[in-house]
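>>> need coordinates for the following:
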Amino acid sequence: MKYGPIATVVALSLNMGCASLPVGATDLTQRQDVRGFIDEMSARHQFKNEDLTAWFQATRLREDIIKVISRPAESKPWYDYRPIFLQRSRIKGGATFWKENAATLARAEEVSGVPAHIIVAILGVETRYGGHTGGYRVMDALSTLAFDYPPRSKFFRSELEQYLLLAREEGIHPLEIKGSYAGAMGQAQFISSSYRHYAVDFDGDGKRDLWDNNADAIGSIANYLQVHGWEPGAPIAAPAATHGVDTSGLVAKGLKPALKVAEIKKSGIEFDAALADEAPATLIELEQKNGPEYWVGLQNFYVITRYNHSALYAMAVYQLAEEIRTLRAAQLAHGD
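The predicted structure follows:
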C-alpha cells in the first residue's frame, strides 16, 4: 500500500544525527543506527548477526526514493488524479481480470462480503491487475526510508523489521524481492506488516503468494477490507449537492464518518441516494477545475481509505469499480 501526502520540506533539511555516511553509502554497517538495528534484530528475533550484516552490506540507500515519496500522486488535485486511474484500458483490464477469475472472486465475496468489483478495482489501481508490482528492491526502499527519511523513520523502521520477519517466515531471500518505493509488495501492494497480518493462502496450496497467485491476492484484499470493518451490502458513497452551504466545518471532520446522514441533510446538503438517516457519514470535497465537487462517504468508503489513507484514492477505487461493474454486466448480457 502507498502513503498519502507527507510534509517533507522540513524533513529533508533534517539529517539523522546518528548517520555517519550519506545516502548511497556502500556499506551501511558502518552506520551506528544500522548497527543498532542489527543488534536489535539479533536480540529480539534471533537473527544471525552475520546474516544481517551481509544483507545490509549489500543494501543501497536511494536518493530517488526520497524524491518520489516527497511527491505522492495523492498530493495532486482530483481533476489530475482521477484520469490516472479512470482510463478505458484500466476499465477493460478490470473486466477481463474479473472474467478470468470469476469463480475466485465470487468465493471471496461470499466469504468476506466485499464485492468482486471493489476487489478488482483495488488491484487495478494498485498494480494494473498485477502488471506493475514495482521495481525497487524492498530492502533498499525500506532501509532508505527507515534510516534517511526522518518524517516516517519510526514507521519504516518497524516495517523493515516486519519485512525481515516476513522474509524468514515465507522463505524469501530479503535481497531478491522488489516492490514500490515505499516497500509495498505484490499484486495487492501490501506493506510488510499487512502482509504478515492479512495475507491469506486463498487457494490452499500452503503458501501466501501475492506476486504470482491471483487467488491469494484476491483473498487477501477481501480479508483486509473485511477485517477493517467492511459492511456487506451497504453503500459506499453518494454525490452531494451543497447549494451554497458553507461546507468547511463538515469537510474538516476528516475521513472517518463522524456525522450522521441526518446531520448532513440538516445542514442543507442534498443527495439523491437513499441513505439511512442514522448511518455514519462524512462529507468529501474533491477539487475540480471549476470548483469543488462533494460526496457523502459512508463506512465502506472509510474502509477503502484504510488501504490508502486518502479520499482521492478511495474515490478512484469506487469510481473505477463502478465502471468495471458496468462493463462486465454489458459483456455478460452479450454472452461474454
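
>>> how about the helices in the stretch 201-336 of the chain?
With DSSP state H, counting those that start in this stretch as the criterion, the stretch 201-336 of the chain has helices at 214-227, 248-251, 261-266, 299-307, 311-333.

>>> out of these, which comes closest to Gly131?
When the helices of the stretch 201-336 of the chain are compared by CB to CB, helix 214-227 sits nearest Gly131, at 12.2 Å. C-beta: built from backbone N, CA, C; applies to glycine.

>>> so what's the residue count around the residue nearest to Leu286 when sequence neighbours are not counted?
For Leu286, ignoring the flanking residues on the chain, the nearest one in space by CB to CB, 6 or more residues apart in numbering is Trp78 at 3.9 Å. Close neighbours of Trp78, defined as other CB atoms under 10 Å, add up to 19.

>>> ditto for Thr247
Neighbour number of Thr247 under other CB under 10 Å is 18.

>>> just give me the neighbour total for the residue nearest to it when sequence neighbours are not counted.
Spatially, and ignoring its direct neighbours in sequence, Thr247 is nearest to Leu283 (6.1 Å; CB to CB, 6+ apart). Look at Leu283: counted by other CB under 10 Å, it has 23 neighbours.

>>> can you pull the contacts of Leu283?
Contacts for Leu283 (CB atoms under 8 Å, 6 or more residues apart in numbering) come out as Ala240, Thr247, Leu250, Val251, Lys253, Leu259, Ile264, Ile269, Tyr294, Trp295, Val296, Gly297.

>>> before we move on, what about Ala281?
Pro257, Leu259, Lys260, Val261, Ile264, Leu275, Val296, Gly297, Leu298.

>>> kindly report the same for Lys207.
Applying CB under 8 Å, 6+ apart, we find Lys207 in contact with Glu170, Asp201, Asn213, Asp216.

>>> can you check Arg90 too?
By CB under 8 Å, 6+ apart, Arg90 lies in contact with Gly124, Arg128, Leu320.

>>> CA atoms only: put stretch 246-262 into PDB for me.
Provided in PDB are the C-alpha atoms of stretch 246-262 (Å, rounded to 0.1, in the frame of the first residue of the first chain):
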ATOM      1  CA  ASP A 246     -20.800  26.500   4.000                       C
ATOM      2  CA  THR A 247     -19.100  23.100   4.000                       C
ATOM      3  CA  SER A 248     -15.900  24.000   5.800                       C
ATOM      4  CA  GLY A 249     -17.000  22.700   9.200                       C
ATOM      5  CA  LEU A 250     -18.300  19.400   7.700                       C
ATOM      6  CA  VAL A 251     -15.300  18.700   5.500                       C
ATOM      7  CA  ALA A 252     -12.900  19.400   8.400                       C
ATOM      8  CA  LYS A 253     -14.300  16.400  10.200                       C
ATOM      9  CA  GLY A 254     -11.900  14.100   8.300                       C
ATOM     10  CA  LEU A 255     -12.200  10.700   6.600                       C
ATOM     11  CA  LYS A 256     -13.700   8.800   9.400                       C
ATOM     12  CA  PRO A 257     -17.500   9.100   9.400                       C
ATOM     13  CA  ALA A 258     -18.100  11.300  12.500                       C
ATOM     14  CA  LEU A 259     -21.500  12.600  11.500                       C
ATOM     15  CA  LYS A 260     -24.900  11.000  10.800                       C
ATOM     16  CA  VAL A 261     -26.500  11.200   7.400                       C
ATOM     17  CA  ALA A 262     -29.400  13.100   9.000                       C
END
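
>>> thanks a lot, catch you later.
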